[in-house]
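>>> My questions concern the predicted model and sequence given below.
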Amino acid sequence: MDERTYSVEIGTQRVDLPVVSLSDQLALALLITVDMGVKFMSKAGEELADVLRPYDVDIVATVATMGIPVAVEVTRHLGLDQYVILHKTPKIHLADAVAEPVRSITTNADQRLLFDRARIKDVEGWRVAIVDDVISTGASTGAALRLLRGVGANIVAIGTLVTEASLWREALGEDALMVRALGSIPVFRPDGSGGLIEDWVG
């Protein structure tokens, strides 16, 4: 690793992720799924689908925006058609949405997950896998779990391309046992001499 990139294996694929500072004390390796290309996302989706296949998933759910390419490809490779999105940005069709508060490490602001009430029928009573690009603090995943369980979904698995450090384990509690990842990355702290060191705790 140098100050600009971090090399990580995501399933069978190796990629170099840009490392950017969030503050004087914290830097992150950024996995931007919408910039990864069709071939990468198709392969990653195929491999994550293979990991999730034993859980007999009926429908895939994700958090917008970076989780959407993951949900599309996992859904495709599981041989399913429909997936559902939990939004963080209000849209016209979400005026009466089911809402759950969330705070993300990359936005550092209070937000709400919003779920279209018209889609409740697609998850209520069904076996749902939550998928995402990165699980870091566990805040978004925890909010998704609460929201989907609140409308009657049976969460059977949580899939992600990578986990980041390990704060998410404590945040998710027993639900952390459901997490299946294709790779893992640390966060980064200054080493006191202008460089960065890997922090696998967070």
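Received the coordinates, thanks.
>>> Quick one: the helices in this structure, in order.
Ranges of helices within the chain are 38-52, 68-77, 139-150, 167-172, based on DSSP state H.
>>> can you list those helices in a markdown table and add mean pLDDT?
Shown next, in a markdown table, are those (pLDDT from 0 to 100):
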| stretch | mean pLDDT |
| --- | --- |
| helix 38-52 | 98 |
| helix 68-77 | 98 |
| helix 139-150 | 97 |
| helix 167-172 | 96 |
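>>> could I get the ones you listed as TSV with mean neighbour count?
In short, each C-beta sits where N, CA and C put it, glycine included. Below are these laid out as TSV (neighbours: other C-beta atoms under 10 Å):
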stretch	mean neighbour count
helix 38-52	19
helix 68-77	22
helix 139-150	21
helix 167-172	18
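>>> Format those helices as CSV; extra columns: distance to Ile120.
Shown next, in CSV, are the helices of the chain (distance: least, C-beta to C-beta, whole Å):
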stretch, distance to Ile120
helix 38-52, 22
helix 68-77, 17
helix 139-150, 10
helix 167-172, 23
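>>> got a list of what the residue positioned nearest the centre of the chain touches?
Centrality entry for the chain: nearest residue to the mean C-alpha point is Asp132, 2.4 Å, by C-alpha atoms, centre = their mean. Contacts for Asp132 (C-beta atoms under 8 Å, 6 or more residues apart in numbering) come out as Thr62, Val63, Met66, Gly67, Val70, Ser140, Thr141, Ile158, Gly159, Thr160, Leu161.
>>> I'd say Ile59 and Asp122 touch.
Yes - in this structure, Ile59 is within contact of Asp122 by C-beta atoms under 8 Å, at 6.0 Å.
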